[in-house]
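[1] Below are the sequence and a predicted model for it; my questions follow.
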There are 2 protein chains.
Amino acid sequence: MPAKVFFNGQIVPLEQAKISALDYGFLFGYSLFETMRAYAGKIFALERHLERLAHSAPFLGLPADKANWKTAVVAVLDANELKNARVRLVLSAGPGSLSPDLATCSQPTLLALAAPYVPPAPEVYRRGYRVIISSIRRNSQSPLPGIKSANFLESLLARQEARQAGNEDALLLNDKGYLAEASSSNVFVLREGKLLTPPLDSGILPGVTRELILELAPNLKLAATEGQISQGELLSAEEVFMTNSMIEIMPVSRVGSAVIGGGAAGPVSLSLLEAYRGLVQES
Amino acid sequence: MPAKVFFNGQIVPLEQAKISALDYGFLFGYSLFETMRAYAGKIFALERHLERLAHSAPFLGLPADKANWKTAVVAVLDANELKNARVRLVLSAGPGSLSPDLATCSQPTLLALAAPYVPPAPEVYRRGYRVIISSIRRNSQSPLPGIKSANFLESLLARQEARQAGNEDALLLNDKGYLAEASSSNVFVLREGKLLTPPLDSGILPGVTRELILELAPNLKLAATEGQISQGELLSAEEVFMTNSMIEIMPVSRVGSAVIGGGAAGPVSLSLLEAYRGLVQES
């Protein structure tokens, strides 16, 4: 539990960071967030996270203030003396009228939270996640999947569905039947030695780690492109892995009853994970 | 602005009803709500609203406690001495760990808010709403549209899209191209003298007013059934109307550039509105 949080301009004890009952983030999910990982006290890819938030904020009519956001996340890490941490920055429309009307929201809420983070053990990376294909599908005909908003219930329900079935996570197809993403990460597949990940218009979040992998792959002499992936192509892939800022690159060794690769982390997934961690070290 | 609210067991001033920064309703939209209308100090169709909430709560792992919910909404109306009001009941998972895990949420948040409600003027009902068809589509392959949750951003974006274009609201098709609902109401069309409304599996909320209309129609010697409605069938309908607890039955006189009926409220819409208001009077 984070002891101190950044709340509307200052660091306060968690108990004092209270959200109005009329905050549109609470009433309507009218908020954006970023989840970032700090290594040795420093947030990795901070600028990319802030840039994504700055890109989405105007779409929701919210102010973009990267300098202020940066102050918030740095301050919350420092105040809690955290080195390896999960950091969440939340920007909501703030309180407004009970009858939904964004024009009544005059003061956005800015919140930064941080908690210690312990990544999955090395053996989890070696054996890989076991995942299901969720019964829930992402909607490629809505802007919502592309925005990191508090409308996160669908993702949590998909993950719960997976865990009830004894798996670690769920992959979601989109409304057209193609692979979209995992409950809270992007997905890559390796086919004929080439990396493929669903395109941005397929109902997915434009993940920061996803973007980094696409940039990193050529350094490893790997072709990496966006492209539609059918369920059959997913299940017969040589390797599959998931990416987000917290788990970095997590190999997938089983999708439902289909064993992927040899039933453990594949060599390409592991070499990308190593390269990614190298990038973190250098930063 | 509601002066007093019901918050976790008691009536308190709004300023004292503060939500934890770690409330899953705020962080992840992990909450359910009901919007109800009070007439002359009494909430109409209260039992149906509580029943819908009690149906959804277990699906999200939240406790169903209708007696407590009823206490909350009655208390908030009384405390604010409200007669004609919008009442919102919110049940969230409550505070939990920063890393999303419902098992860490031990104390759900229960909140009831109320504010005076003034319905649209009679002339608005006579001329009918002008609506657009949103560029956003509802997802019939997700449980989300069928649950009244705080994942409401998509609906607000659709409404904003409509208002920017000078219209009152937006209709949403679903991922398969059939009519689903309006941004926060259900939709009926009249074709060949028969009422038709999209089925529950088409990516819609099971609206309380929708259900009442389906029950009420036979009293007016009107056939009313569920059925898929194409965009062409919508645009060539004899009448179109929207239903929810606040606006009751709102005629639609234009969908995009298509004039519906004579470009004003149709006779069937108005007679249903009258019958619905009779039901309210009797209750």
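    That came through fine. Numbers count the residues shown, from 1 in each chain, chains lettered A, B, ... in the order given.

[2] Give the closest residue to residue A:240 in space, chain neighbours not counted.
    Spatially, and ignoring its direct neighbours in sequence, residue A:240 is nearest to residue A:252 (4.1 Å; CB to CB, 6 or more residues apart in numbering or on different chains). C-beta coordinates here come from the backbone N, C-alpha and C atoms, glycine included.

[3] Mind listing what's buried along the strand or helix carrying the one you found?
    Taking DSSP states H and E as the definition, one finds residue A:252 inside strand A:248-255. Within strand A:248-255, the residues that qualify as buried by neighbour count (16 or more other CB atoms under 10 Å in any protein chain shown) are A:248, A:249, A:250, A:251, A:252, A:253, A:254, A:255.

[4] and what of stretch A:62-70?
    Under 16+ other CB under 10 Å, the buried positions of stretch A:62-70 are A:62, A:65, A:69, A:70.

[5] out of these, who's nearest residue B:242?
    Residue B:242 has its nearest neighbour among the buried residues of stretch A:62-70 in residue A:62, at 28.4 Å by CB to CB.

[6] May I have the secondary structure class of that closest one?
    coil (DSSP: H, G, I helix; E, B strand; the rest coil).

[7] quick one: contacts for the residue of chain A found nearest chain B?
    Proximity of chain A to chain B (CB to the nearest CB) peaks at residue A:18, 3.1 Å away. Listed by CB atoms under 8 Å, 6 or more residues apart in numbering or on different chains, the contact partners of residue A:18 are B:18, B:19, B:20, B:21.

[8] run the last query once more with 6 Å
    Shown in contact with residue A:18 (CB atoms under 6 Å, 6 or more residues apart in numbering or on different chains): residue B:18.

[9] Which pLDDT does the model give the residue nearest to residue A:240?
    Model confidence at residue A:252, given as pLDDT, is 98.

[10] before we move on, what about residue A:1?
    Confidence for residue A:1, expressed as pLDDT, is 60.

[11] and if you look at residue A:262?
    89.

[12] Against residue A:269, how distant is it?
    From residue A:262 across to residue A:269, the span is 12 Å (CB to CB, to the nearest Å).

[13] quick one, which of these two is more surrounded?
    It is residue A:269, of residue A:262 and residue A:269, that has more neighbours when counted by other CB atoms under 10 Å in any protein chain shown, with 27 against 12.

[14] Give me the secondary structure label for that one.
    Under three-state DSSP, residue A:269 comes out as helix.

[15] Now for it: which residues touch it?
    Contacts of residue A:269 by CB under 6 Å, 6+ apart are A:239, A:241, A:251.

[16] hmm, 10 Å instead?
    A:125, A:128, A:188, A:190, A:195, A:238-242, A:249-253, A:260-261 (CB atoms under 10 Å, 6 or more residues apart in numbering or on different chains).

[17] Which of the residues you listed fall within helices?
    residue A:125 (DSSP state H).

[18] What residues does residue A:77 make contact with?
    A:6, A:36, A:38, A:41, A:42, A:43, A:83, A:85, A:87, A:112, A:114 are the contacts of residue A:77 under CB under 10 Å, 6+ apart.

[19] How many neighbouring residues does the first one have?
    Using other CB under 10 Å, residue A:6 is surrounded by 30 other residues.

[20] Name the residues of the helix or strand containing it that come out as buried.
    Assigned by DSSP H and E, residue A:6 belongs to strand A:4-7. Within strand A:4-7, the residues scored as buried using 16+ other CB under 10 Å are A:4, A:5, A:6, A:7.

[21] So in that sheet, which strands flank the very next helix or strand once past that strand, and in what orientation?
    With elements assigned by DSSP H and E, the helix or strand that comes after strand A:4-7 is strand A:10-13. According to DSSP bridges, strand A:10-13 has the following sheet partners: strand A:4-7 (antiparallel).

[22] Touching the strand it pairs with from outside, list them.
    By CB under 10 Å, 6+ apart, strand A:4-7 touches A:11-19, A:68-69, A:71-81, A:87-90, A:109-114, B:21-22, B:98.

[23] can you tell me which of the residues you listed are in strands?
    A:11-13, A:18-19, A:87-90, A:109-114 (DSSP state E).

[24] what two of those are the furthest from one another?
    A:18 and A:87 (20.3 Å).

[25] all helices in chain A, in order from the N-terminus.
    Under DSSP H, chain A gives helices at A:24-28, A:46-56, A:66-79, A:122-127, A:153-164, A:208-216, A:231-235, A:267-282.

[26] Mean pLDDT added to those helices, as a markdown table?
    As requested, these are exported to a markdown table (pLDDT from 0 to 100):
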| stretch | mean pLDDT |
| --- | --- |
| helix A:24-28 | 98 |
| helix A:46-56 | 98 |
| helix A:66-79 | 98 |
| helix A:122-127 | 97 |
| helix A:153-164 | 96 |
| helix A:208-216 | 98 |
| helix A:231-235 | 98 |
| helix A:267-282 | 97 |
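
[27] Highest mean neighbour count out of the ones you listed?
    Of all the helices of chain A, helix A:24-28 carries the top mean neighbour count, a mean of 28, counting by mean count of other CB atoms under 10 Å in any protein chain shown.

[28] Provide a list of residues in contact with residue A:233.
    A:178, A:179, A:189, A:191, A:196, A:227.

[29] Same check on residue A:37?
    By CB under 10 Å, 6+ apart, the contact list for residue A:37 reads A:43-45, A:49, A:84-87, A:117, A:119, A:209, A:244-248, A:280.

[30] Now, of these, which are buried?
    A:43-45, A:49, A:85-87, A:117, A:209, A:244-248.

[31] for those residues, which one is nearest residue B:173?
    Using CB to CB, the buried ones among the contacts of residue A:37 come closest to residue B:173 at residue A:244, 31.5 Å.

[32] Model confidence score at that closest one, please.
    98.

[33] returning to that earlier point: with just CA atoms, put the strand holding residue A:6 into PDB.
    Extracted in PDB, the C-alpha atoms of strand A:4-7 (Å, rounded to 0.1, in the frame of the first residue of the first chain):
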ATOM      1  CA  LYS A   4       2.100   8.800   0.300                       C
ATOM      2  CA  VAL A   5       0.500   9.900  -2.900                       C
ATOM      3  CA  PHE A   6       0.600  13.000  -5.200                       C
ATOM      4  CA  PHE A   7      -2.800  14.600  -5.200                       C
END
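
[34] For that strand, what does the pLDDT average out to?
    98.

[35] Quick one: distance of that strand to the chain centre.
    Offset of strand A:4-7 from its chain centre (CA atoms, centre = their mean, to the nearest Å): 22 Å.

[36] Please list all residues in contact with the residue nearest to residue A:273 when sequence neighbours are not counted.
    Ranked by CB to CB, 6+ apart and with sequence neighbours excluded, the top spatial neighbour of residue A:273 is residue A:249, at 4.2 Å. For residue A:249, the contacting residues are A:125, A:185, A:188, A:209, A:212-213, A:216, A:241-243, A:265, A:269-277, by CB under 10 Å, 6+ apart.

[37] Mind doing that once more with 8 Å?
    A:209, A:213, A:241, A:242, A:243, A:269, A:272, A:273, A:276.

[38] Count the residues that sit near the third one.
    If I follow you right, that is residue A:241. Neighbour number of residue A:241 under other CB under 10 Å is 33.

[39] The residue of chain A closest to chain B pairs with what?
    Bridge pairing for residue A:18 - DSSP bridges - gives residue B:20.

[40] Find me the pLDDT at it, would you?
    Looking at residue A:18, the pLDDT reads 95.

[41] The contacts of residue A:233: which two are farthest apart?
    Maximum distance among the contacts of residue A:233 (CB to CB): 14.1 Å, for A:178 and A:191.

[42] out of the two, which sits in the busier spot?
    Comparing residue A:178 with residue A:191 by other CB under 10 Å, the one with more neighbours is residue A:178, at 21 against 16.

[43] Which members of the buried ones among the contacts of residue A:37 additionally contact chain B?
    A:86, A:117 (CB under 8 Å from any CB of the partner chain).

[44] For the stretch 51-200 of chain A, give me the ranges with low pLDDT.
    Nowhere does the stretch 51-200 of chain A drop to pLDDT under 70.
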